[in-house]
Every structure is written in C-alpha cells, then in structure tokens.
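Enquirer: I would like the atomic coordinates for the input below:
(2 chains)
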Amino acid sequence: MRDEKHLLEEYRKTGELRLLGKLYEPYMPLLYGVCYRYFNDREKSEDAVMGVFESLIVKLRQHEVTNFKSWLYVFVRNYCLMELRKSKRAVMVELEENMLGEDPGFDQLNEERLTLMEDCLATLSEEQHNCIRLFYLEQHCYQDIAEITGYDMGKVKSYIQNGKRNLKICMEKKTYGK
Amino acid sequence: MENNYNIIRIQKYLLGQLSREEMHDLEREALNDPLLGDALEGYRLQEDVNYGRLSLLQQRLAKRIEGQRKEQSRFYFTSQRLGIATTAAVLFVVVLVLFWMRHTMFPAAGVDEQEKEVQIELSNERTWPTKLSISPIVSEEVNSSAAARPVIGWADFGEYFQKEFNWSVLFSATEIGDHYQISFEIGELSKPSNPIITMNGKEGQNVNERLKAEIVRILNAGPLWRGSAGSFELEFLP
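Expert: Numbers count the residues shown, from 1 in each chain, chains lettered A, B, ... in the order given. From the prediction side, this is the model:
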C-alpha cells in the first residue's frame, strides 16, 4: 500500500509511464476477469484492460487517489459500462452486494454483536438464513452448501450476498434503534 | 504480489484443486473484496485462467510503456538538435550584426586601433648600449710575457675605444650584454694585424660586418702594442 501511494505520487509528479505500469500491472489479471464478466469476450476484455490503462494515464495525473484498489475497481466497472453503452448492447449485469464496496467490518464481529446477529438471522428468509449460517458460521464453501441444501451454486451465492446485506441492515437498525 | 497470488488461487479454485477450507476462504475474501469477487465471477464465466493471453496482455502494457520512453528520447534528441541549431543561428546573426556595425557605423574604429598598436610598439622601445668595456683575455697557452698589451695601458685603451666608437651609427648593431673576442697578431710596426673577431665566444656566429669594420678601424688607428699576439674582450653595456 505504501509502495502504491509512493508510485501514485511519483507518477502524478513525473508522468512516467514506467511508474504507472508498475502500479497497474499486478492488477491486470484481476481486471481482465472483471472486464470479462461484462463483455464475455476475451479480446474485448483485453482491449478494455489496455483502455483503462490509457485512461489512467490522464486521470491519475489529475486526481489524487488515496485507495488505489477501490478507486480502480469503480473506475474499471464504469469504463466497462460506458463501453457497453457505446456499443448499445443490452447486457444483463447482475448487481450484487459486493458492488457497494468493501465491508471489512462485517467479519469482525464482537460477542456483543453476535447476540444481535442471532436475532437478525431469525429475520432472514429460510434460504438466506441457511446459506449465511453454513457459509459464515460453519465455514462451508459454495459447493458444499449447494450439496447440503440442494440449491444451485449461483443461488447459494445470491442468498449469501442478499442475506449479508439484510443482516447488516437489521443489525444497524437494532444498534442505532432505527 | 497479492494479486498474482489471487490469480493462482482463482485458477485452482476453478479447476477444483483447492480444499474445501481454501475454497471457503477465497469465497469469503471475494465477498469482502469486490475486485476479487468480480474477477472470480469473470473467470468462472470464462471457465479458465489463460496464462498465455494474460502474458500477452502484459507484453502489450510493456510495449506501451516502452513507446513513451522512445517518444521521450526522440523528442529529447530532436529538441536538443533544434536548440543547437537555434543557438548557432543566433550567434551567426549576432556576429554579422557586429561586423556590419563595425564597418558601417564606426568606420574610424579600425584606424584608432592601428594607432594604438603603434603606441604599444613605442612603449616597448629597446634600450641600446651606450658604453663598452675592454678587458684583456689571459690565455693559458700563451706565455704571459708574450701576451700583447697596448702601450698606453688597458685603461686608456678602453677609454680610447669608447671615444672612437661610432655610437651614432652603430648603436643598433649591438645589444646590451653582447661581448666580442678580438684576437690579433702584432706586426713589425707594433700594429695589430689579421684580427679575428668572434661574438659571444662562438666561432661562426655572424658578427655584423659594419661593426667588424669599425673594430678593425679603431684597432688600426689606435695605439701601438707590445708583444707578439694579443686578444681582448669587448662588452657592450647600457
């Protein structure tokens, strides 16, 4: 992270592509995966990864970015959506909880909040409740959960994401008395 | 790097090479890390991780970066050449303008300069000798009793020589510090004959002909000598 910050500052000052490349290259495989999710096409995804780099050449000299990874993720998504809009293709992109941003705090529940969580778990639908319990409390993978519950793998993931979001809302309500 | 580590995990995940616990860990990380989550979904859609194509993508990036470096160096050399050419052109114009100004606006400047040069010459005027000294040369080969000496003595001979020397004409034929050795035989009439004149002790060194003639003249017109052969040294002094 410190290296990233240093590289960002240096690039902003000098405009040396070597520095931006050093910063960007480690993310390329993941970014390709993100792009593929939108384009479902290898070449377009590769072009998008390079297109994002070209955009960053300008953007990162104009904007001061503190959390590069999060910023990059949002930028890539917007870039892909803009490209899809340009090509006027109607594409269904599943909106998921994780698009709302990182939530590192969810995993760091203390005992006090565990009680709250138990109460909130009871408010979830049966499918969400089962999947959340199996995933977070019993630490099963999606495949296991699909086998145990008989749900489709995609559904399992969806139940976990939606359940997590509902659980979070419920716990916030109970914590702040809303 | 963490991201390279993640892509390896994604590949193993898709190939079913991770344990249940590792799969759970990755899925949990993906839920909290949207970039990883989306990438995982993308690769799941593609059904594999193609390292060959990822490597080509990295090469594209490397080429793009290299492109800027070449562009920068081309620009640097171009601008460097342009800078040199501009400087040379400006200098050329300045020299031309100065040359033109010198010859059109200040035509007398050249004359003044020449006059100054003359003045410098005058200021460096040489100092010519005004005196001379005579001293006998004592030779080990010649018996001291046989060494000729002027009848009037060396001191008076010196005064005679100083007085007789035609300074007004020959001052420029000598320089301060020049010394000449004059040796001769004494003839029957006690007069010097067959004089040999050398300059600064070096045979063959050219002695000014007019000076030589003047020395011979003074010797012939001078006092009588006692002895068989004589020699003395003549030195010019300031």
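
Enquirer: assumed residue B:182 was part of a strand.
Expert: Yes: Residue B:182 forms part of a strand when assessed by DSSP: H, G, I helix; E, B strand; the rest coil.

Enquirer: from memory it sits against residue B:232, does it?
Expert: Yes: with contacts counted by Cβ atoms under 8 Å, residue B:182 reaches residue B:232, the gap being 5.8 Å. (Glycine included, C-beta is placed from N, CA and C.)

Enquirer: what segments of chain A are helices?
Expert: For chain A, the helices defined by DSSP state H cover A:2-14, A:17-24, A:28-39, A:42-62, A:68-86, A:111-121, A:126-132, A:142-149, A:153-176.

Enquirer: the first one to helix A:17-24, inter-axis angle?
Expert: It refers to helix A:2-14. Note on geometry: by axes from the mean of the first three to the mean of the last three Cα atoms, to 10 degrees, helix A:2-14 and helix A:17-24 are set 150 degrees apart in direction.

Enquirer: what helices and strands are in contact with helix A:2-14?
Expert: helix A:17-24, helix A:42-62, helix A:68-86 (3 or more Cβ pairs under 8 Å, 6 or more residues apart in numbering or on different chains; DSSP states H and E).

Enquirer: could you identify which of those helices is most buried?
Expert: Highest mean neighbour count among the helices and strands packed on helix A:2-14 (mean count of other Cβ atoms under 10 Å in any protein chain shown): helix A:17-24, with a mean of 20.

Enquirer: what does that helix contact?
Expert: A:4, A:7-8, A:10-11, A:53, A:56-57, A:60, A:68, B:61-62, B:64-65, B:68-69 (Cβ atoms under 8 Å, 6 or more residues apart in numbering or on different chains).

Enquirer: go with 7 Å
Expert: Contact with helix A:17-24 is made by A:4, A:7-8, A:10-11, A:53, A:56-57, A:60, A:68, B:61, B:64-65, B:68, as judged by Cβ atoms under 7 Å, 6 or more residues apart in numbering or on different chains.

Enquirer: of all those, which comes closest to residue A:27?
Expert: Of all the contacts of helix A:17-24, residue A:27 sits closest to residue A:68, with 8.6 Å by Cβ to Cβ.

Enquirer: with adjacent residues omitted, what lies nearest to that closest one?
Expert: Leaving aside its sequence neighbours, residue A:68 sits nearest to residue A:4 (Cβ to Cβ, 6 or more residues apart in numbering or on different chains; 5.0 Å).

Enquirer: from residue A:31, how far out is that neighbour?
Expert: Distance of residue A:4 to residue A:31, computed by Cβ to Cβ, to the nearest Å: 15 Å.

Enquirer: is it true that the residue nearest to residue A:68 touches residue A:70?
Expert: No: judged on Cβ atoms under 7 Å, residue A:4 makes no contact with residue A:70 at a distance of 11.5 Å.

Enquirer: quick check on residue A:123: phi, psi?
Expert: phi -80, psi -10 (degrees, to the nearest 10).

Enquirer: neighbours of it, how many?
Expert: 14 (other Cβ atoms under 10 Å in any protein chain shown).

Enquirer: distance of the closest residue to it other than its chain neighbours from chain B?
Expert: Excluding the flanking residues, the one nearest residue A:123 by Cβ to Cβ, 6+ apart is residue A:170, at 5.6 Å. Look at residue A:170 and chain B: by Cβ to the nearest Cβ, to the nearest Å, they are 18 Å apart.

Enquirer: and the pLDDT for residue A:170?
Expert: If you check residue A:170, the pLDDT there is 84.

Enquirer: isn't it up against residue A:118?
Expert: No: applying Cβ under 7 Å, one finds residue A:170 not in contact with residue A:118, separated by 11.1 Å.

Enquirer: more neighbours: which of these two?
Expert: Between residue A:170 and residue A:118, counted using other Cβ under 10 Å, the more crowded position is residue A:170 (18 against 10).

Enquirer: mind listing what residue B:160 touches?
Expert: So residue B:160 contacts B:222-223 (Cβ under 7 Å, 6+ apart).

Enquirer: ok so it is a helix residue?
Expert: Yes: the assignment for residue B:160 is a helix, going by three-state DSSP.

Enquirer: and whichever residue of chain A sits closest to chain B, what does it touch?
Expert: Residue of chain A nearest chain B, by Cβ to the nearest Cβ: residue A:33 (3.1 Å). Taking Cβ under 7 Å, 6+ apart, we find residue A:33 in contact with B:38-40, B:42-43.

Enquirer: if you set the cut-off to 6 Å instead, what comes out?
Expert: Residue A:33 sits next to B:39, B:42-43 when contact means Cβ atoms under 6 Å, 6 or more residues apart in numbering or on different chains.

Enquirer: and if you look at residue A:128?
Expert: So residue A:128 contacts A:159, A:162-163 (Cβ under 6 Å, 6+ apart).

Enquirer: how about it: what's its closest non-neighbour residue?
Expert: residue A:163 (3.2 Å).
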